[in-house]
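*Asks:* Okay, predicted coordinates and the sequence, questions at the end:
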Amino acid sequence: MKQKELETLRGLIKDVDIAMLTTASDEGLISRPMKTQEVEFDGDLWFFTKKETDKYKEILHDQEVNVAYAGKSYVSVRGRAEIVDDLNKKKELWSKVYEKIMQTSYDDPSVVLIKIKAEAAEYWETGSFSKKIAFFYKSMTGQSTESTDINETIELDK
């Protein structure tokens, strides 16, 4: 994993509390809000869920997921998810917030972790108003948006 890209992505998502996790269901793609873990991003994203949720079943069926962040910038992370049922890891990541959200404790056998290995990310900087206007104008009129430099894609799995 490239250190520079990892640091860029870490900086973009570090202050975003809620992310949107997209999974594939039999009916199509489904997104839902998920609480971001308060851990240093190292290429893996972590979320809590319960075994009786649709997202749990969807990840068992198809591990390709997307996680979207909206904050000072917009970030879309593509990756592969896996279900982790490790009591020590659950205890490490657990906080009182989850007791309220999930109405249980980390040692509940139905509580599991979703670990997402980030493979690539695309992000849009929100700092330049003129760049955003140029980007939206060009995209609406069918022109190439490459020269506006409003977004960038980074590969993390190489």
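*Replies:* Everything's here; your move. Numbering: from 1, shown residues only.
*Asks:* the strands in the chain, which residues?
*Replies:* Using DSSP state E, the strands of the chain run over 18-25, 28-35, 44-50, 64-70, 73-84, 111-125, 151-155.
*Asks:* JSON lines for the ones you listed, including mean pLDDT?
*Replies:* Listed next are these as JSON lines, based on pLDDT from 0 to 100:
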{"stretch": "strand 18-25", "mean pLDDT": "96"}
{"stretch": "strand 28-35", "mean pLDDT": "96"}
{"stretch": "strand 44-50", "mean pLDDT": "95"}
{"stretch": "strand 64-70", "mean pLDDT": "96"}
{"stretch": "strand 73-84", "mean pLDDT": "94"}
{"stretch": "strand 111-125", "mean pLDDT": "91"}
{"stretch": "strand 151-155", "mean pLDDT": "60"}
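*Asks:* need those strands in CSV with distance to residue 7, can you?
*Replies:* (C-beta placed from N, C-alpha, C; glycine too.) What follows is those, written out as CSV (distance: least, C-beta to C-beta, whole Å):
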stretch, distance to residue 7
strand 18-25, 19
strand 28-35, 23
strand 44-50, 15
strand 64-70, 16
strand 73-84, 14
strand 111-125, 12
strand 151-155, 10
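*Asks:* out of these, nearest to residue 11?
*Replies:* strand 73-84 (9.0 Å; C-beta to C-beta).
*Asks:* follow-up on the earlier one: could you export the strands of the chain as CSV, including distance to residue 102 and mean neighbour count?
*Replies:* What follows is those, written out as CSV (distance: least, C-beta to C-beta, whole Å; neighbours: other C-beta atoms under 10 Å):
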stretch, distance to residue 102, mean neighbour count
strand 18-25, 15, 18
strand 28-35, 10, 13
strand 44-50, 7, 19
strand 64-70, 19, 19
strand 73-84, 16, 18
strand 111-125, 7, 19
strand 151-155, 32, 14
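*Asks:* Figure out which of the ones you listed is closest to residue 97.
*Replies:* Of all those, strand 28-35 sits nearest to residue 97, with 6.9 Å by C-beta to C-beta.
*Asks:* pLDDT value on residue 10, please?
*Replies:* For residue 10, the pLDDT comes out at 86.
*Asks:* That one and residue 39 touch, don't they?
*Replies:* No: using C-beta atoms under 8 Å, residue 10 makes no contact with residue 39, being 10.7 Å away.
*Asks:* To residue 91, which of the strands of the chain lies closest?
*Replies:* Once the strands of the chain are compared by C-beta to C-beta, strand 111-125 is nearest, at 10.7 Å.
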